[in-house]
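> this one's sequence-less:
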């Protein structure tokens, strides 16, 4: 079995209009910039995108939104230093937003990946983000029922990958990437280096290959924060 | 901060009669034999023990049961090649059993550790193990509601540990150990070697120290399967 | 003609089940008899085996004396690793199971109903109950198949209208490989796909506890001598 | 006397909050102002800081030019690691938060109610809503404390009977460190623990939007000059 693909273009070519796509990263760390830019080139439209944020500057997720390819964003924090692209579009009514508390967002994905259709969390109880959600009391405390979150595709960024799809990450660039890998029907990982099976210590595998469908090597990947400090623009 | 203790005796001395204790391991792999034997020496009684199995032979968990210290066992598979100790006691009405499907057992612990008071799973729906449990339909499929599982103490076995409580494991001896570490108020880890902070690569930490209260070094720990092949008996 | 004279051996049933496993498939084999399926992967195909206790991509048993008892499968038997293996904890392991990430789970059975219900964990006769991962494994795998003798040791049907023993799961089995036939479960019915050439449909129906639906094509169940 | 003349600076509020953090405590500091608390750990104590994006035991910011943007905190600021750090994914990170494993979370506030309700995520004025981890952080930490100016920029009380802004959490805050006082929340009431010596109880009550319960002992809130 060899899950490696030869290019990011080949990897995203299978994403159709209207797909739900999880995109890894927290701010600029762990954002699969090359896969996102390939998705911009590919041109799929009317996407529902799941990410913690709404992108920064004019690269990566912000650029995807700027190209008008995103119909709906599910995220926890669409504000940032330079969120102009999303903000303008949102205030103009050009993009739908589902706001989810960050821990609930992560747990909904984890539930999606783990076959747990619903769970209870104290998070958001009594707030407007829990409006219309079922609640229940356990041991005298109130909780909100949340549903799993799944996607058609996950675009994630990892450090090492092998042909079986086993992955490691780089420092805090791990963030949502391993969770999203479990929750999508098709997970596509860009990795800084593809190594032979067995080169990743089985003890140190963070994402076992069972969660990964395709691996594509992007040596020396761009870092969103660095790109934005250079005021880069895509395309 | 230094979470290291000098002996297994010191580690288990704080466990009172009537405590709920998770004990790591799956069969003989990952069973913290030295901690269990110290608990036998300590003599705490009327314990509720959570483990996947019911022990084997006359060492470890089987010995703890044989000493009459366990009032109730929560597990998925109390049968094995040499389960005589538990079987005899159970059939004589001397020990209570809560049988839980293995994946549900792991997920209930994970929920306990993650602050999720209840979740839905397809596992056991329509079976006698779901009797009297709430059920619900999601997207046209039926699920059983399960509650979190927590403990007063977890006795676990790890490979490397540092004074902050960061842990790694050894191969399939990982099993329930990291999950239990999250679900107990006080987690006590026996480790084969204590290393200085920073010696465990932050990328390879399996259990971050936040989940561990005490670490005690047991160099060259006994392996339950090996003990049983020698027909060892404790005490 | 006695069924015992023509029926497939356990190894042969396992061989037949192995032919339906694709290259690269993620597979969990139940404890005991189902473990035998791993031996019969067709040439050129390599499945990736999952064990509940937290290993992906394990290989054959080590030689006697070479065992490391920290490296075992769910049946507590010593295993080895293939290159590209991974370790993970129990909650992650069952997330793989319950989350639908396995392609195939192959399990044993006391009884299988035409509705797909499975009974394979309790004979209902008292003693110490033990369920292990059986109730989890029947959920989530894209395909849940059963391998079993077609009848019990006493000759009673194991393929039935409704299970009489305590259930492991409801409506979960989609294919049954028996010592006499290969039967799919579709729309709450047993559909006969393959049977031993030496056996008539009538004889097969006689040892089956529910009606067999007969499609236009019923293939011969042909299995080489294996052990 | 104007409150502005005597009130504590943000750094001083952070200093005061830092004095209540034990050696070895696991602590999450909210984005922005609360991050300042890390600077003021008393000598001989070392807390272990957690950030939602998956790092335990991080240290100070690196020197300018030394940043690695894959090593950041929840505020997206570059950080460094201390020996004994660990990385983990977002679901595990919030399991630490929600599961009650943090000893202390220190957050900012728009309003805090005497019931312990907190409003700190939305001014309710439209624009782009953003919640981040705020609603998670108020649940699970053994102690949820707030640091805040005692009044808004316009002089309105931030300690109130009931929040007027959208809530972050219900009944979650147990202690408030303000620019004028330290107030505990017990049994649905504000209990005054410390106040600036220069300030009378009456003056403090006048800028507080709910009744202050006055225990027998009210200590002076004494903070050195810090920045």
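Done, it's in. Predicted, not measured: the structure shown is a model, and the values here were computed from it.
> For residue A:35, see how far away residue C:186 is.
In this structure, residue C:186 lies at 39 Å from residue A:35, with C-beta to C-beta, to the nearest Å as the measure. Just so you know, the C-beta spots here come from the backbone N, C-alpha and C atoms, and that holds for glycine as well.
> Oops, could you answer that again for residue A:192 instead?
With the distance defined as C-beta to C-beta, residue A:192 ends up 13 Å from residue A:35.
> which one of the two has more residues nearby?
More neighbours sit around residue A:35 than around the other of residue A:192 and residue A:35, counting by other C-beta atoms under 10 Å in any protein chain shown; the figures are 29 against 16.
> what secondary structure does that one sit in?
Remark: residue A:35 carries the secondary structure label helix [criterion: DSSP: H, G, I helix; E, B strand; the rest coil].
> check contacts around it.
In this structure, residue A:35 makes contact with A:8, A:11, A:12, A:23, A:155, A:157, A:188, A:190, A:216, A:218, judged by C-beta atoms under 8 Å, 6 or more residues apart in numbering or on different chains.
> Stretch A:73-84 vs chain D: in contact?
Yes: counting by C-beta under 8 Å from any C-beta of the partner chain, contacts between stretch A:73-84 and chain D involve A:76, A:77, A:78, A:79, A:80, A:83.
> Now rank those by neighbours and give me the top one.
Counting by other C-beta under 10 Å, residue A:77 has the largest number of neighbours within the residues of stretch A:73-84 next to chain D, with 28 neighbours.
> is it true that that one touches residue A:102?
Yes: counting by C-beta atoms under 8 Å, residue A:102 is a contact partner of residue A:77 at 6.9 Å.
> shared neighbours of these two, which are they?
Common neighbours of residue A:77 and residue A:102 (C-beta under 8 Å, 6+ apart) are A:52, D:131, D:132.
> Just the closest of those residues to residue B:208, please.
Within the shared contacts of residue A:77 and residue A:102, distances to residue B:208 taken as C-beta to C-beta reach their minimum at residue A:52, with 20.6 Å.
> Serialize the contacts of residue A:35 to JSON lines and add fields for distance to residue C:84.
As requested, these are arranged in JSON lines below (distance: C-beta to C-beta, whole Å):
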{"residue": "A:8", "distance to residue C:84": "23"}
{"residue": "A:11", "distance to residue C:84": "20"}
{"residue": "A:12", "distance to residue C:84": "25"}
{"residue": "A:23", "distance to residue C:84": "26"}
{"residue": "A:155", "distance to residue C:84": "23"}
{"residue": "A:157", "distance to residue C:84": "20"}
{"residue": "A:188", "distance to residue C:84": "19"}
{"residue": "A:190", "distance to residue C:84": "19"}
{"residue": "A:216", "distance to residue C:84": "17"}
{"residue": "A:218", "distance to residue C:84": "21"}
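> Out of those, which sit inside helices?
Counted as lying in helices by DSSP state H, out of those, are A:8, A:11, A:12.
> what about the chain, any weak spots by pLDDT?
Using chain A here. Scanning chain A with the threshold set as pLDDT under 70 gives A:81.
> Correction: the question concerned chain C.
C:1.
> which residues of chain C fall in helices?
Secondary structure of chain C by DSSP H: the helices cover C:3-6, C:10-18, C:90-98, C:134-137, C:201-206.
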